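1. Make a model of this:
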Amino acid sequence: MTNCTICRRPTDDRNPIRHQRCAERLRADLADIPGHYALMGAVLAPGTAGGGAHVSGTRTAPLPVRLEPLSLRARGGMVTVLALWEADWRELRELTPAMRGTSATDLAAIVLSLRAHLPWAIENHGAVDEFAREVRDLLHQCRAAAGLLPSMMRIGDCPAQDDDQPCGAALYADPMADVIRCRKCRTTWPRGQWMLLGKTLREVEDERISA
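-> Take a look at the predicted model:
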């Protein structure tokens, strides 16, 4: 039994290197990066998407741009993070370094290069799990800045027992609420039990993967 190089959870003999769904999700996340970079340009103005408008009566003038999307597009943001990964992969593969800037065109070229080398990275790079996390984090930050994150998030399938069988209904959580409640069996988990619920959901998922 080995672990998936992307999620680090156990795999089976059919996929000794990675879970197919992990690889597909990583490819899809990487392909989404250029569109989210463009979205950050569209929500730079105060009051757009997740940005707050200037409140009447305050002493300070509003900033001309929103800082969250600006930081993702500026030096040290999305382009820089992914350019460092591209440089690392090219060096490990003994390829000529690529000269990159920080524009949308540069980002598109970086993503194209990373996607071309992704099969190699999934099977050979020791930190491809870290790369996957950073790509997901960038997308999450973009969606948060654009006000696109849903308040209710699916966290797994309800593990509550009903006649010795798990309920199995899709379980959703609101991070701002104090209780998670199954919409089918009505089982509830107060905030103090969320860590235990998370552990249970991970164990259920691990068993499903290894089955």
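
2. Could you check which helix or strand contains residue 7?
-> Here residue 7, judged by DSSP states H and E, is contained in no helix and no strand.

3. which stretches of the protein form helices?
-> Across the chain, reading from the start of the chain, the helices by DSSP state H fall at 20-42, 67-73, 78-92, 104-124, 128-145, 194-210.

4. pLDDT of the fifth one, averaged?
-> Think helix 128-145. Helix 128-145 shows an average pLDDT of 90 in the prediction.

5. how far off helix 20-42 does that helix point, in degrees?
-> In terms of direction (axes from the mean of the first three to the mean of the last three CA atoms, to 10 degrees), helix 128-145 departs from helix 20-42 by 40 degrees.

6. And helix 128-145, what does it pack against?
-> Using 3 or more CB pairs under 8 Å, 6 or more residues apart in numbering; DSSP states H and E, the elements in contact with helix 128-145 are helix 20-42, helix 67-73, helix 78-92, helix 104-124. Every C-beta, even on glycine, is put in place using the N, C-alpha and C of the backbone.

7. which one of those helices lies closest to residue 131?
-> helix 78-92 (5.6 Å; CB to CB).

8. List the buried residues in that closest one.
-> By neighbour count with 16 or more other CB atoms under 10 Å, helix 78-92 contains the buried residues 78, 79, 81, 82, 83, 85, 86, 87, 89, 90.

9. Can you give me the neighbour number for the residue lying closest to residue 168 once chain neighbours are set aside?
-> Nearest in space to residue 168, with sequence neighbours left out and distances taken as CB to CB, 6 or more residues apart in numbering, is residue 157 at 5.0 Å. Under the neighbour criterion other CB atoms under 10 Å, residue 157 is assigned a count of 17.

10. residue contacts, residue 157?
-> The contact partners of residue 157, taken as CB atoms under 8 Å, 6 or more residues apart in numbering, are 166, 167, 168, 169, 170, 171, 201, 204.

11. Tell me where the model's unsure across this structure.
-> 1, 13, 46-65, 150-151, 162-163, 208-211 (pLDDT under 70).

12. Which residue lies nearest the spatial centre of it?
-> With the centre of the chain defined as its mean C-alpha position, the nearest residue by CA atoms, centre = their mean is residue 136, 2.4 Å away.
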